[in-house]
Structure formats: structure tokens, C-alpha cells
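J.: quick one, fold the following:
(chains A and B)
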Amino acid sequence: MAEVNMPRLSDTMQEGTITRWFKQVGDEVKRGDVLAEVETDKANMEVESYDSGILEQVVVQEGETVPIGQVIAIIGSGMGTHKGGEPKVPVAKPAGQTPAVTPASHQGAAVGQLSAFAGILTQQNSVGTNGIFIKASPLARRMAEEHSIDLFQVKGTGPGGRIVRDDIEDFIEQRAISLAAVPQPLPQPVQPVGAAPGIPEVSTADADIVTLTSMQKTIACRLTESKQTVPHFYIGNEIDMTEVLKLRQELNVALTEEGIKISVNDLIIKACALALEKFSEVNGSYKDGQFVLHKRINIGIAVDIPSGLVVPVIRDANTKGLRVIACEARSLAAKAQTGKLTPAELDGGTFSISNLGMMDVTDFVAVINPPQAAILAVAATRKTFVPVDDQPVIREIMHVTLSADHRILYGATVARFLKEVKHLLQNPFLLLV
Amino acid sequence: MAEVSFRQALNDTLREEMLRDENVFIMGEEIGNFEGSYKITAGLLKEFGPKRVVDTPIAENGFVGMAVGAAMLGLRPVVEIMTFNFIALAIDEILNHAAKIYYMFGGQTPVPMVIRTPGGGGQQLSATHSQNLEAWFAHIPGLQVVAPSTPSDAKGLLRTAIRNNNPVLFLEHLALYNHKGEVPEGDYTIPFGRAEVTKEGKDLTVISYSRKAAIAHEVASRLERENKLSVEVVDLRSLRPLDRETLVNSVKKTGRAIVFEEDWRSYGIGAEIVATVQEDAFDYLDAPIKRVASVEVPLPYSKPLELAALTGAPELEDAINALAPRRRRR
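T.: Reported below is the predicted structural model:
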């Protein structure tokens, strides 16, 4: 059995306060392990164990102050483990055998330095913030800190991808350029007449601040990227839905017993899927100076959900019958509402449809969902007088607008594609074969 | 300022110091009648006579021991060891006597002696006559070790060495003896432990000493003339005591460093420099410090093999090009 005494940690120290026990009663202790932190008149220091064994008894509890030399703990074989309770040996005795100590702060610094070293020498042993290793020179780390740069945003060009001073300097320069390019919010001019046009800063007074969910962040990011990098153009058309609505009604009556209900959107999905077979660019992507023409036709359907928008995908829609499309669409929409869509159900779309018809929208345009080349915006179907044989006739007219990526699609292609969709929907028996 | 050779600067300094202080005397093999294997002591026997210019037998341990005794009794011996390689015979006198006596005898008597000796390879003198053993001596507390690269530094440091009360190893280099350079007039001295930035630069620092510092200076000056890279050169001049401050400040400025040394790489002077820099300039380092040193073999006699084994300007330039920061390359 060995006693651990309150060590003399400075020349002027008379007593010490245990600020923290690092080992609990019953813990195994090895020689050199830090047992406790002690506050002295000078600093917080660590008390290391001189002995190995089991911490049997903690005599001085956290927050208690005792003179130097007093027993603060007992280390033994474990037979005499004594949890709490009355200290057995609170006998003060001269500080003879003083446990080895290291200033706590010093040791902390040493550990920090060690991991910094590991950061240079090994690829994966050192863990940065966020738990991911970043290889960066000490100078680059210091500069990043001074300039409030997140190293995760910096590309390392040194040996093995190490971030070096050059990379930080590049980053600082680029940041300066992009800050200069973005119109800076100008201070509100006292007299607005003739003031330079600037985007006034969003006032946060009298406003609630909503923190974005990660999905909302993704939407903000992806759609900004789309509008900024994809050259959109838009072509509209009007489709006479009278015949297809009749067909839908007949089908749904026939399918009542099966519990299947085909929506207008299901019919539009099928029509688009068939049209896409003939217009492969509309089902394509523009990538790095090439057209990527997808062999499968996977149609994304935009689904409104409480905190945003998701676009689950119906795969191989051109090969699926209306019955299957209807079932899948309903299932996907239900999953979207409950947040149960899997990544596999959201990936791989080659064309999208956004339908706000049920919201009584006269017409609208949608933002392309990259890397797709086009998205069809579907507005409400309305009874409209149209001339038939120069006589006004009421027909069910639906307005659609296709947003297209001008890098891969041109006006005539899109116009012909819409004409094909229109032809299919106006001759709806074609959707069945 | 007059332009003189390294050899002449040493000869002038020995003569001036012998004139200045009659306790200064020189001792070594073939330094009198023959005027020195490398003619450093030319004319001195004639001028000062055989009591102050002592030709010794070929017995390094004997005459280095005699010098220790003479120094203890108040004289200021300047010993020439014909080449650095022969110093091994006198290692006990240097390590266990010269470097220890002042300490072991409670400061009763200093040992104000200088050992001058030329080292270095490149003369086809083969494995046992071409070595760079400075790390052995720079390792020993109680000794001071200096290794100048210019005639002017040779003069200033030799004066300091002779007037210094500590035992000093004054390291010369065979290939520097004919180097010429401007030497200031007057009785100037250069304090030990003071490195010199011989060329300012921004992109990286080359730290060197003795002949390699001269080569580093040439390479850096050429790169600057060619408008390529801005290389700073730090000439250590003094290996013990080491001027940590100057070399650390230089690396703090450039972020990158090469140690260019003629000795073998493992456990060499460069290892100490690298350790020093990382201790004091860790947060300023942008890349691991490179060591450009000699290949770890006994130096071959054959000229092509000798050239391959010794490090030189091409190796330094390769290292500079490999280490230079991307944005500074033109």
C-alpha cells in the first residue's frame, strides 16, 4: 500500500487544493499516470503517481484544501478499496516522498505540439477540427489562423497535398477578388438622391431569424449554382387536355376496385418519358464540353414538403405503364412527406417535372435541377374558349414552360420536344401503348 | 580595402598577432623551414626565429599536449595541424585536457590556445585526407569552433581566436586558400557566435559555413542575376557557440531552409541546425528543412567518384529548385 501525499509544488507553497481527480476509486493506476490536478498559490499543477496499483481511497475530495505532506489518496492492490466515507489516514506528515509533478498548462502545450508534429509527418494520425486530418505546414496553419481561414476550404499544392504558404496567399488573394466583385452593402446614404446603387443590407430588426436545415442550405446552394452557371432559356406551349382528362376519368373508374388512381401528373410523366425517347438531348447533361446522353429515362417529380422541396425519381418511366407510374409516384410522395426517401430514390434523375397545376397557377418557369438539361413547369388546366373551326369551343387548356440549358439544348429542339409532348397528351391512347 | 587571398589573410594575421603579443607563438609540422604545407606560415620563422615558430616532430598528441601546457602557463600557442584528418591523434589532448581543464580545476587557469587546421575534400587526397570532422568538436562543451568562408572573416575570427581565453578550433578549408576577397583595414575582430547574412533573400534560406557558404553565396548571387529566385544565405562562421538568433530570424522571414554542408549528413552540423530551427521557428516553417550534405562514403580517390560523393553547387541548386515556393518561381 502506498500513500499519495500533497506534494510541495513551489518553494512558497504551504497548502494545495484538489481541483480535480483524474482517477476514481477502483481505477487502475500506473506509475506516471496523472492522478489529480492541484491548485497552488502559483498555478494549477498535475500530480503524478509514483506507484502502480489500484486507487483504493481518495482521502481529499475535489475542492478541499490540505497542507503539503498530507495523504490525499491511497494506492494498493485493490483489496482495501474504500469508496468515499471517512478518510482513514488523514495524518499530516512532512513532504518526504513528493510525487513527480508537471505544470498542467505545460503538459497541455506539449500535447498540442505533438499533434501538430503528427500533422506534418503523417497523413491520418492527426485530427483537425471536424475530425478530419488536414495536411498543412506550420506556417500555413498560423497564417490561416491569423486570417480566419478555414483550412478545409484551401487546396494544398505542396508535396502530398500539403497546404503551404503559397496556397494561403492564393486563397487570400482570391477572397479579396471575390469580395471586390460582390457589391458590398454600402452604408445607408444620408441623402439617397444620386446615391450609388448598392444592395441594402438585410435589416434584422423586427424580424425572426430562421436557421436553415441542411436540406434548405442544399437547395439554396444548388439553385444559386444552377441559375449562375446554367444558361437558362424558356419555351412555353399550351396543351389541350380535354381528351386525356376523359381518358383519366375512364381509367380511374375502371381501376376503382384496385384502389389505383391515376393523376394528371402521372399522364404527363408518361408523355414526357415517351417524348424523351425521341429527343435524347433533352434527356442529357452538359458536362465539361461534352453532351452526356443518358440511355435511361428517369423522371424527377418535384414534391412540396413542409420544410422545402424534394425531387424523387421514377426510373425508366418510358418503359413503365401508367399503373406502375401512378403507384410509384404516390409512394414516393408519401415518403417525401414523412422524410423517408432514401438517397437512391433521389439520385439519377435525367429530367424533371414541377407541377403547380393544383395550386391554380396560370403559368410559371422552373429552375433547372443540375446536371439535368431541362425541367418542365406545369401550370393549372383551365377551361378556355378556343377556336375550333373558327367557332369558340370550351376546352381544357394547360400551360407548360420548359426551362432548358442552352449549352446542350436549342430553341428548335425544345419546341419540337414540347410539340411531341403535346401530341402525346392530345392523343392519349398513345400513352397506353 | 585591399583584396587579399585567404592564405595571405591568415599569414598577415598570424604575423600581426605575434608582433602585438609576444606570448603568441606558433607550432606544428613543417611550419618553419618549409613554411607550412600550404604556406600559411611563410616568412614567419625568418622574422620571429625558432623560439616562436616551432617545427615539431610528426607527433600530434605530443605537440598539442605541449600547447595545452604552454597555454596553462600563460603563453598563447597557435598550433597548426597539417590537415584536419590528423587531429584524431590529438583527440585526448583536445577533448580531455584543453576543453576540460579550466572547468575541472575550478577556473584556476584558462587554456588560451588555437588549433588551426584545414579540412575538406576535392583535391584527390582520398579517404583519410579529405574529411570534415567539425561535428566532433562542435559537440564538445568547453571548445569553441569557427569556420570562416572569406579572407575578411578569416582575419577577424583568427584575431578573436588568438585573443580569446578558450581553446579554439579554427577550421580552414583547402579549397579556400586561394580565394580572394576584400579585407578591411585596421585591427578589427569578429565576435564568436555571430553568423552573417551574406546575401539577403525572400524565398528561402541557405544556411552554411566554410567553403560551402562561399559556394552558396555564388549560387544565390547567380540566381538573383538570372532573375530566378531570391535566396538568402546565412554563413554561420561560428559553429560553437552557434548564433541561433540570426538563423532563426532568417527562417522566420523566408519560411523555408536548406542546410548546405560538406560533412556527412547523419549526425552532422545540419542535424543541429535543423533541430535549432524547428525549436525556435516551428510556426514559421512552410516546408521540412532540407539537408544537402556529402554522400556517406569514405571519399574516393578517383576524380569522377570524388565529385559524385562530394556535394556542391549543382546539388544545392537542385535542392533550391525543389524547395522554392510555387508562387516565387518565375
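J.: tell me how chain A divides into domains.
T.: Following automatic domain parsing, chain A resolves into domains at A:2-105, A:127-179, A:232-432.
J.: what pLDDT does B:Ser5 get?
T.: B:Ser5 carries a pLDDT value of 97.
J.: repeat for the one 5 residues further on
T.: According to the per-residue confidence, B:Leu10 scores 98 in pLDDT.
J.: for whatever helix or strand it lives in, output the C-alpha coordinates as CSV.
T.: Assigned by DSSP states H and E, B:Leu10 falls within helix B:6-20. This file holds the C-alpha atoms of helix B:6-20, laid out as CSV (Å, rounded to 0.1, in the frame of the first residue of the first chain):
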residue,chain,number,x,y,z
PHE,B,6,42.5,33.7,-47.7
ARG,B,7,46.1,32.3,-47.3
GLN,B,8,47.5,35.8,-47.2
ALA,B,9,44.9,37.0,-44.7
LEU,B,10,45.9,34.2,-42.3
ASN,B,11,49.6,34.8,-42.8
ASP,B,12,49.1,38.5,-42.1
THR,B,13,47.0,37.9,-39.0
LEU,B,14,49.5,35.4,-37.5
ARG,B,15,52.3,37.9,-38.1
GLU,B,16,50.3,40.8,-36.7
GLU,B,17,49.3,38.9,-33.6
MET,B,18,52.9,37.7,-33.0
LEU,B,19,54.0,41.3,-33.2
ARG,B,20,51.2,42.6,-31.0
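J.: tell me the mean pLDDT for the following helix or strand past that helix?
T.: Counting by DSSP H and E, the element after helix B:6-20 in chain order, helix or strand, is strand B:24-28. In this model, strand B:24-28 has a mean pLDDT of 98.
J.: what does the next helix or strand along the chain from strand B:24-28 rub up against?
T.: Downstream of strand B:24-28, the next assigned helix or strand under DSSP H and E is helix B:44-48. By CB atoms under 8 Å, 6 or more residues apart in numbering or on different chains, the surrounding residues in contact with helix B:44-48 are B:Asn11, B:Leu14, B:Arg15, B:Met18, B:Phe25, B:Ile26, B:Ile31, B:Gly32, B:Asn33, B:Glu35, B:Val53. From N, CA and C alone the C-beta is placed, and that goes for glycine too.
J.: partners of the fifth one in the sheet?
T.: When you say that, I think you mean B:Phe25. Taking DSSP bridges as the rule, B:Phe25 bridges to B:Pro77.
J.: checking the spatially closest residue to B:Ala99 that is not a sequence neighbour next. Helix, strand or coil?
T.: The shortest distance from B:Ala99 to any non-neighbouring residue, by CB to CB, 6 or more residues apart in numbering or on different chains, is to B:Gly142 (3.4 Å). At B:Gly142 the chain is in coil, as set by DSSP: H, G, I helix; E, B strand; the rest coil.
J.: residue contacts, B:Ala59?
T.: Contacts of B:Ala59 (CB under 8 Å, 6+ apart): B:Leu89.
J.: hmm, try it at 10 Å
T.: B:Glu29, B:Gly65, B:Met66, B:Leu89, B:Ala90 (CB atoms under 10 Å, 6 or more residues apart in numbering or on different chains).
J.: before we move on, what about A:Glu145?
T.: Counting by CB under 10 Å, 6+ apart, A:Glu145 touches A:Leu151, B:Asp283.
J.: quick one: it is in a helix?
T.: Yes - counting by three-state DSSP, A:Glu145 is located in a helix.
J.: and it, what's its pLDDT?
T.: For A:Glu145, the pLDDT comes out at 89.
J.: and the one 10 residues further on, by the same measure?
T.: According to the prediction, A:Lys155 has pLDDT 88.
J.: contacts only, for residue 293.
T.: You didn't say which chain, so I picked chain A. A:Ser280, A:Glu281, A:Val282, A:Asn283, A:Gly284, A:Ser285, A:Thr350, A:Ala373, A:Ile408.
J.: looking at chain B here, not the other one
T.: Each residue near B:Ala293 by CB under 10 Å, 6+ apart is listed here: B:132, B:212, B:259-266, B:268-271, B:310-311, B:315.
J.: helix or strand for residue 224, which one?
T.: No chain specified, so I'll use chain A. helix A:214-229.
J.: oops, I was thinking of chain B
T.: Residue-wise, B:Glu224 maps onto helix B:210-225 under DSSP H and E.
J.: tell me which residue is most central in chain A.
T.: A:Ser214 (4.7 Å; CA atoms, centre = their mean).
J.: report pLDDT for it.
T.: Reported pLDDT for A:Ser214: 70.
J.: same deal with A:Val89?
T.: 45.
J.: so what's A:Pro187 scoring on pLDDT?
T.: 48.
J.: in stretch A:24-38, which residues are buried?
T.: For stretch A:24-38, burial by neighbour count (16 or more other CB atoms under 10 Å in any protein chain shown) applies to A:Val25, A:Val29, A:Asp33, A:Val34, A:Leu35, A:Ala36, A:Glu37, A:Val38.
J.: tabulate the residues you listed in a markdown table, adding columns for distance to chain B, pLDDT and secondary structure.
T.: Output for those, formatted as a markdown table (distance: CB to the nearest CB, whole Å; pLDDT from 0 to 100; DSSP: H, G, I helix; E, B strand; the rest coil):
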| residue | distance to chain B | pLDDT | secondary structure |
| --- | --- | --- | --- |
| A:Val25 | 41 | 89 | coil |
| A:Val29 | 33 | 90 | strand |
| A:Asp33 | 28 | 88 | coil |
| A:Val34 | 25 | 89 | strand |
| A:Leu35 | 31 | 92 | strand |
| A:Ala36 | 31 | 91 | strand |
| A:Glu37 | 27 | 88 | strand |
| A:Val38 | 30 | 87 | strand |
